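Student: A structural model of the following input is requested.
(2 chains)
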2 protein chains.
Amino acid sequence: MKTRTIENVGEFGLIEFIKKHNTKPKKYHNIYIDIGDDCFSFNSHKNSKYIVTTDILIENIHFKRDWATAKQIGQKAIEVNVSDIASMGNTKPLYAFISMGIPKSTSVKFVKELFNSIKNTCNKYDIHLSGGDTVCAKDITISVTLIGVCYDKPISRTGAKNGDLIFVTGTFGDSCAGLEILSNNKKNLTVYEKNLIKKHLVSQARLKEANIISQNINVTSMTDSSDGLFKSIELLTEKKGAVIYMDKIPLSENLIKYSNKNYNKLYNYALFGGEEFELVFTINKKDKNKLEKLLPGATCIGYINNSKVTYLQNGKTKNVKYNGYKHF
Amino acid sequence: MKTRTIENVGEFGLIEFIKKHNTKPKKYHNIYIDIGDDCFSFNSHKNSKYIVTTDILIENIHFKRDWATAKQIGQKAIEVNVSDIASMGNTKPLYAFISMGIPKSTSVKFVKELFNSIKNTCNKYDIHLSGGDTVCAKDITISVTLIGVCYDKPISRTGAKNGDLIFVTGTFGDSCAGLEILSNNKKNLTVYEKNLIKKHLVSQARLKEANIISQNINVTSMTDSSDGLFKSIELLTEKKGAVIYMDKIPLSENLIKYSNKNYNKLYNYALFGGEEFELVFTINKKDKNKLEKLLPGATCIGYINNSKVTYLQNGKTKNVKYNGYKHF
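Tutor: Alright, predicted model coming up:
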C-alpha cells in the first residue's frame, strides 16, 4: 500500500486535523480570540508578569528520525521550552505557538503522531496550543514559542550573592552518553545503555520542582541545564566566582556503569553534556535545611564566591575548560 | 580574501553581535527581564488584550538569496507578522522573538545584514527584539513570533453582518506578478516590471491605516491579504455570502501594463497572488462616508449577504475557483 504523504492531504487537510485534535483551553487561559484568526488574543492576567521563551529544533541537527519516534520528538519540542519557563520560578506555562516545516514526502502517519505528541505534552502542563504556521521544508523544523505567567518575581540568572549555595536537581550526563550510544550505532545494548538512550530521547522539565522551591524559599538565581552543567554554572556566576565540588555532582548508576568509572569521561558527560532539563539554582545558606526537606532529591554542589570559578576534585583544583556542543 | 563564515565566528560571536546591536526598549515595553535570560519577562499592561502571531520563512520556499538581499529578507520576516497584528485593529506590536537556522557556510556579512534589517524594521514599529534562538540548518530559516497589545476589542475575521460593505487598502496582484518575473529570470526589465519585483520583495504592513480606521469606525471584521484577496474574502464570509465587483478591485498601472490588459491574467494575479499586506475589512454602510474621508485610498469592492460569494464582472456572474499557492 502506498504511504499517504502530506502532499496528498495538503495544508488544509493538515489544518483540519489540527483543529479537530487541539487542546481544550481552561478558564484561566483567559482567551479572547482562539487559534485560527490572524492573531491569537488573550486578556491580561491582573498584576502578573509574563514570561516568554522560544526554541527551534531541526532534523539531523537536534534529532534524527532514525533514532527518535515522532512521539519523542514532539515531547522534546515542548519539554525544552517548559524547562526554560520552569527556571523562572513560580510559573505556569499557558500558550504555545508552533511553526512547523515539513517535507512534502513526510507520511501523514508521522505528522499526526508528531502533532498528537505535541498536544499530549501540552495537555500534561495545561498549555493551550494557540497558534502556528505549517510550511514546506527540506527537513522537519519545529519552532516553539511558549508564553507563561509568573506569579512572583521571575528568578533571573544573575541574582546570586557571595556565600549562596549552589543546588541542582537530578543527575547529569545521561542524555549526552545516550546520544553517544545512538551515534555509535551499537547493537545488543545493555539495560543501562538503554536507560541512557531513553534519558536522551525523553527528558522531562522540572516545572513542579521549580514551583515548589520558589513558592517556599528565596531562590536567588536559577537556570536549567539544557546547555550542560558547566554552562549553567558559567551563567549563574557572571562577574562572580564559585567553588564546585566535582565529587558532589550527582551521577546516575547507569552513567557510572557505562563510563566504567573512568572519571575523566564521567565528568565530560556530566559537565558538558546538555540536553537535560535539570534546575541549577542558588539559595542563601540559612535556607539549606528547609530546601533539603522540600526537595530531598536536590544536591548542593558548591557555593558562590567573589573570586573565580574553581572546580575541586578530591580537594584538589582541577583545570576545567569548555568542551561542549558548538552550534556552528 | 576568504569570506568569513558563521562557522568562523561561532554562536557566541553571533550572540555578542546581536547583544551589541539590539533595539533599545521604550518605557511602555514594561520589561522586567530583558533578552538573554532563560525567558524574557514583561509586566502586564493593565486591562489590555494581548495578540500573538507567528510565521516561519524558509529559504528556497519563501525567498531565494539569488533574488532577495539580506535586507529585503529581514524586512519581510517582520512585515509579514506586523501585518497580522495590524489586522486586529487598534494595536501596537511590542515584542519580537526570532529563531534562526543558519547554514555553517553563510557569510558573516550576510547574517549581519539580515540581523540589521530585522532590527531596523523592528525599530520602525518600536518593536523590541526580546528573545530568540540561533542554530545550524541546511537552509536559512527565520521563525518570528510577535506579541502586541490591542487597546480596544481585537477585530476578528468573523464579525461581518449582512449588508456590511467590503473595503480594501492598496492594490492587488503586484507581488505575485513580481515573483513571476523573478522566476522567469527575465533580462532587460522595463520600469513597470522592476516596480512589480520591488513590490514582491518589500511589501509594507498597513499598521497605520488599521489604527486609523479602527480608532474611528466600528470595523466589523478584518484580515490581511497575505494569502491573496480571494482567500481573505473566503475568511471574512465563512457561513455568509458576498457580492464582489471584480471591476472595482484596485489594480496598479504597473500590473495593467504587465498583463497587457489580459483580464483573465490580471484577475488571476489580483485574486490569488498573496504575499501582499493589504487590509480587507467590513464596515456598516452608514460609515461609508466617514471611512472614505479617513482613508481616501481605500476602495469598496462589494458587500456581505446571506447567500454565497458571487463574483461579478461587467454585471455578469463569473465562476471563480481557488487557484492560489499550495504549501504542500
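
Student: Close to chain B: what parts of the stretch 151-300 of chain A are there?
Tutor: A:153-154, A:156-158, A:222-224 (C-beta under 8 Å from any C-beta of the partner chain). Quick note: C-beta positions are derived from backbone N, CA and C, even for glycine.

Student: Identify those among these that sit within strands.
Tutor: Applying DSSP state E to these, the entries found in strands are A:222-224.

Student: buried set for stretch A:244-253?
Tutor: A:244-246, A:249-252 (16 or more other C-beta atoms under 10 Å in any protein chain shown).

Student: what about the strands in the stretch 201-328 of chain A?
Tutor: Using DSSP state E, counting those that start in this stretch, the strands of the stretch 201-328 of chain A run over residues A:219-224, A:241-245, A:279-283, A:299-305, A:309-313, A:316-318.

Student: Kindly report the same for the stretch 51-200 of chain A.
Tutor: A:91-102, A:128-136, A:141-150, A:165-168.

Student: and the ones you listed, which is most packed in?
Tutor: strand A:141-150 (a mean of 27; mean count of other C-beta atoms under 10 Å in any protein chain shown).

Student: That one close to chain B?
Tutor: Yes: Strand A:141-150 comes into contact with chain B (C-beta under 8 Å from any C-beta), by way of A:141, A:143, A:145, A:147-148, A:150.

Student: and which of these is nearest A:Ile33?
Tutor: A:Ile147 (14.9 Å; C-beta to C-beta).

Student: Neighbour-wise, give me the winner out of the residues of the stretch 151-300 of chain A next to chain B.
Tutor: With neighbours taken as other C-beta atoms under 10 Å in any protein chain shown, the top of these is A:Met222, carrying 29 neighbours.

Student: count of neighbours near the closest residue to A:Leu201 other than its chain neighbours?
Tutor: Nearest non-adjacent residue to A:Leu201, counting by C-beta to C-beta, 6 or more residues apart in numbering or on different chains: A:Gln72, 4.5 Å away. A:Gln72 sits with 18 neighbouring residues when counted by other C-beta under 10 Å.

Student: could I get the residues of strand A:141-150 next to chain B as a markdown table with distance to A:Cys39 and pLDDT?
Tutor: Compiled in a markdown table, the residues of strand A:141-150 next to chain B are given as follows (distance: C-beta to C-beta, whole Å; pLDDT from 0 to 100):
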| residue | distance to A:Cys39 | pLDDT |
| --- | --- | --- |
| A:Thr141 | 22 | 97 |
| A:Ser143 | 17 | 97 |
| A:Thr145 | 13 | 98 |
| A:Ile147 | 13 | 98 |
| A:Gly148 | 18 | 97 |
| A:Cys150 | 23 | 96 |
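
Student: And those, which two are furthest apart?
Tutor: A:Thr141 and A:Cys150 (28.8 Å).

Student: do you know how far A:Met100 is from A:Asn305?
Tutor: 46 Å (C-beta to C-beta, to the nearest Å).

Student: That should have said A:Lys239, apologies.
Tutor: From A:Lys239 to A:Asn305 the distance is 12 Å (C-beta to C-beta).

Student: for A:Ile140, same thing?
Tutor: Counting by C-beta to C-beta, the gap from A:Ile140 to A:Asn305 is 45 Å.

Student: between the two, who's got more neighbours?
Tutor: A:Ile140 (22 against 16).

Student: The more buried one contacts A:Lys64, doesn't it?
Tutor: No: with contact defined as C-beta atoms under 8 Å, A:Ile140 does not reach A:Lys64; the gap is 10.1 Å.

Student: ok, how many other residues are close to the spatially closest residue to A:Asp152 that is not a sequence neighbour?
Tutor: Setting aside the residues directly before and after it, A:Asp152 is nearest to A:Asn90 in space (C-beta to C-beta, 6+ apart), at 4.7 Å. Around A:Asn90 there are 19 other residues, counting by other C-beta under 10 Å.

Student: quick one, what contacts A:Asn90?
Tutor: Contact analysis of A:Asn90 by C-beta atoms under 8 Å, 6 or more residues apart in numbering or on different chains lists A:150-152, A:210-211, A:214-215.

Student: Grab the most central residue of chain A for me.
Tutor: A:Val80 (3.1 Å; C-alpha atoms, centre = their mean).

Student: I'd like to know how far that one sits from chain B.
Tutor: 10 Å (C-beta to the nearest C-beta, to the nearest Å).

Student: which residues of chain A fall in helices?
Tutor: Taking DSSP state H as the criterion, chain A carries its helices at A:6-20, A:70-86, A:108-124, A:174-183, A:191-201, A:207-216, A:229-236, A:253-258, A:263-272, A:288-294.

Student: can you redo the ones you listed as CSV with mean pLDDT and distance to B:Thr5?
Tutor: Converted to CSV, these look like this (pLDDT from 0 to 100; distance: least, C-beta to C-beta, whole Å):
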stretch, mean pLDDT, distance to B:Thr5
helix A:6-20, 81, 33
helix A:70-86, 97, 27
helix A:108-124, 95, 32
helix A:174-183, 94, 25
helix A:191-201, 95, 30
helix A:207-216, 98, 38
helix A:229-236, 96, 24
helix A:253-258, 96, 36
helix A:263-272, 92, 24
helix A:288-294, 97, 46
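
Student: most neighbours per residue, which of those?
Tutor: helix A:70-86 (a mean of 24).

Student: between that helix and strand B:128-136, how many degrees?
Tutor: Angle of helix A:70-86 versus strand B:128-136, following axes from the mean of the first three to the mean of the last three C-alpha atoms, to 10 degrees, is 140 degrees.

Student: Reformat the helices of chain A into a markdown table and put distance to B:Asp174 next to each item.
Tutor: Output for the helices of chain A, formatted as a markdown table (distance: least, C-beta to C-beta, whole Å):
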| stretch | distance to B:Asp174 |
| --- | --- |
| helix A:6-20 | 24 |
| helix A:70-86 | 37 |
| helix A:108-124 | 34 |
| helix A:174-183 | 49 |
| helix A:191-201 | 48 |
| helix A:207-216 | 48 |
| helix A:229-236 | 48 |
| helix A:253-258 | 60 |
| helix A:263-272 | 52 |
| helix A:288-294 | 62 |
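
Student: right, and those helices - which one's nearest B:Asn289?
Tutor: helix A:6-20 (38.9 Å).

Student: so A:Cys39 touches B:Pro154, yeah?
Tutor: Yes: contact criterion C-beta under 8 Å: A:Cys39 and B:Pro154 qualify, at 6.9 Å.

Student: Overlap of the contact sets of these two?
Tutor: The contact lists of A:Cys39 and B:Pro154 share A:33, B:51, B:88, where a contact means C-beta under 8 Å, 6+ apart.

Student: check contacts around A:Leu291.
Tutor: A:167, A:213, A:217, A:283, A:298.

Student: wait, which of these is closest to chain B?
Tutor: A:Ile213 (15.2 Å; C-beta to the nearest C-beta).

Student: quick one: contacts for that closest one?
Tutor: Residues near A:Ile213 by C-beta under 8 Å, 6+ apart: A:219, A:279, A:281, A:283, A:291, A:294-295, A:298.

Student: Which among the residues you listed count as buried?
Tutor: A:219, A:279, A:281, A:283, A:291, A:295, A:298.

Student: list the contacts for A:Val168?
Tutor: A:Val168 neighbours (C-beta under 8 Å, 6+ apart): A:225, A:229, A:249-250, A:278-281, A:298-299, A:301.
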